[in-house]
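**Q** Here is the input, now give the coordinates:
(one chain, ligands or ions: 2)
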Amino acid sequence: MFKNIIVTGGAGFIGSNFVHYVVKNHPDVFVTVLDKLTYAGNKENLAGLPSDRVKLVVGDICDKELVDELVQKADAVVHYAAESHNDNSLLNPEPFIQTNIVGTSVLISACAKYDVRFHHISTDEVYGDLPLRDDLPGHGEGPGEKFTPDMRYNPSSPYSSSKASSDLLVRAWVRSFGLRATISNCSNNYGPYQHIEKFIPRQITNILSGIRPKLYGTGKNVRDWIHTNDHSSAVWKILTEGKIGETYLIGADGEKNNKEVLELILKLMGQPSDAYDQVRDRPGHDLRYAIDSSKLRNELGWEPRYTNFEEGLQSTIDWYTNHRDWWEAQKTAVEAKYAKNGQ
Ligand code: NAD
Ligand code: DAU
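**A** Numbers count the residues shown, from 1 in each chain. Ligands and ions are numbered 1, 2, ... in the order given. Alright, predicted model coming up:
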């Protein structure tokens, strides 16, 4: 089993939650976090973790020499590092192409060279979007009405197309260079340590700052929410038991439209249900995501545990309420950037 793993992007939202998960549940594993600490990375996300279990290397996944040096000493790489925000990719796609495509190619080349196990973290957005349930004959439960691993790639934004490109590179390296890799495509995560540019933390910290929450368009767009702890357990399962060359979709049957999510946040935070602004919609805004995770559940026996969305949202609200020092200094700049864009 793996003793020395590299977690790229381990100082970001989902990566740091995975590092906490590994430290807590797998005491014999040492984690090297490789993270550039961009605006989205924060070493405070790893605060309190013991130095004999976790080491942070501040560096770029595009740095071939550094990656070569680290990979040859590891027995697995779990690759989270990415530019991850759709809205940013619509303003400036270039860093997405560099980190998500070029960076992934540097990592998989090194892993193939040293025969190191690679797990690629990707997104459900590579499949594009789905019609709303009401517009489907099976109301979202019929064949082909959720994302499945063999569906055609059809990404919409520079972010999702850069992730799709990276998935295809991984598949090519498996076939042509014998890379021992798996891929997972997960739906929208929520939980602690998520950057306040993203939907749920943006609205929670808006309310905590006395700013009205902002809903894109009418709020009919559906996302399939999963608690980040469930994403972590699924990734560990795939890393340790997944079949090389396979793609697994990770989801917890958490479909909700944005208006419903916002109204629940408002209710849990003691606000009137209409205390928000409707703002300019995102160009090319994907309508609905929905994951069919039966392959992961049936073949590897994985089950999500944090499936009570209201409870998970309440604990996320509590986390942002109790960690103002973690986000407050960034709030003005994040909102100014959105305001400039009419959002
Ligand atoms: P995030 O933006 O919170 O964190 C990304 C991390 O990567 C940061 O710590 C950043 O410093 C680091 N990073 C960026 N560029 C780097 C580079 N060139 N070299 C080294 N480190 C670099 O992202 P997240 O939301 O935690 O997403 C992590 C991964 O999960 C991404 O690959 C994303 O595509 C995928 N994903 C995210 C979600 C979601 O809901 N957030 C869902 C499915 C998949
Ligand atoms: O599906 C997985 C993807 O989920 C990941 O690959 C991405 O990295 C992650 O950022 C997320 O993408 P989304 O674009 O779905 O997430 P975001 O938090 O930006 O927006 C969620 C929904 O909320 C989306 O429909 C847009 C809407 N939204 C977003 C913001 C920031 C609003 O209505 N208001 C907002 O202020």
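**Q** which parts of the chain sit against ligand 2?
**A** Within the chain, the positions near ligand 2 by C-beta under 6 Å from any ligand atom are 84-86, 123-125, 187-188, 198-199, 202, 214-216, 221, 223, 258, 282, 289. In short, each C-beta sits where N, CA and C put it, glycine included.
**Q** so which of those also contact ligand 1?
**A** Checking those against ligand 1 by C-beta under 6 Å from any ligand atom, the ones in range are 84, 123, 188.
**Q** could these go into CSV alongside pLDDT?
**A** Below are these laid out as CSV (pLDDT from 0 to 100):
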residue, pLDDT
84, 98
123, 98
188, 98
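**Q** Now, the residues you listed that are in strands?
**A** When DSSP state E defines the strands, the subset of these inside them is residue 123.
**Q** next structured bit after the helix or strand harbouring residue 167?
**A** Residue 167 belongs to helix 158-177 when assigned by DSSP states H and E. Counting by DSSP H and E, the element after helix 158-177 in chain order, helix or strand, is strand 181-186.
**Q** Note down every partner strand of the helix or strand following that following strand and its orientation.
**A** Next helix or strand after strand 181-186 toward the C-terminus (DSSP H and E): strand 189-190. Here strand 189-190 is paired, per DSSP bridges, with strand 226-227 (parallel).
**Q** Quick one: mean pLDDT for the partner strand?
**A** Mean per-residue pLDDT for strand 226-227: 98.
**Q** Briefly note if the helix or strand that comes right after it comes near ligand 1.
**A** Going down the chain from strand 226-227, the next helix or strand is helix 228-241, by DSSP H and E. No: applying C-beta under 6 Å from any ligand atom, one finds helix 228-241 separated from ligand 1 by no less than 7.3 Å.
**Q** in the stretch 201-343 of the chain, what residue is nearest ligand 2?
**A** Closest residue of the stretch 201-343 of the chain to ligand 2, C-beta to the nearest ligand atom: residue 216 (3.5 Å).
**Q** Tell me the spacing between that residue and residue 75.
**A** 43 Å (C-beta to C-beta, to the nearest Å).
**Q** ditto for residue 89
**A** Distance of residue 89 to residue 75, given as C-beta to C-beta: 33 Å.
**Q** When the two are compared, which one has more neighbours?
**A** Applying other C-beta atoms under 10 Å to residue 89 and residue 75 shows that residue 89 carries more neighbours, namely 22 against 16.
**Q** The more buried one: helix or strand, and which one exactly?
**A** Here residue 89 is assigned to helix 86-91, by DSSP H and E.
**Q** Okay, buried residues for that helix please.
**A** For helix 86-91, a neighbour-count test (16 or more other C-beta atoms under 10 Å) marks 86-89 as buried.
**Q** can you pull out the strands in the stretch 1-150 of the chain?
**A** Under the criterion DSSP state E, counting those that start in this stretch, the stretch 1-150 of the chain contains strands at 4-8, 30-35, 54-58, 76-79, 117-123.
**Q** And the buried residues of helix 86-91, which is closest to residue 139?
**A** Residue 139 has its nearest neighbour among the buried residues of helix 86-91 in residue 86, at 27.0 Å by C-beta to C-beta.
**Q** ok, residue 262 - contacts?
**A** Residues in contact with residue 262 (C-beta atoms under 8 Å, 6 or more residues apart in numbering) are 203, 213, 215, 219, 276.
**Q** Just those residues: which are in helices?
**A** Among these, the ones falling in helices (DSSP state H) are residue 203.
**Q** quick one: which of the contacts of residue 262 has the most company?
**A** Of the contacts of residue 262, with other C-beta under 10 Å as the count, residue 203 tops at 25 neighbours.
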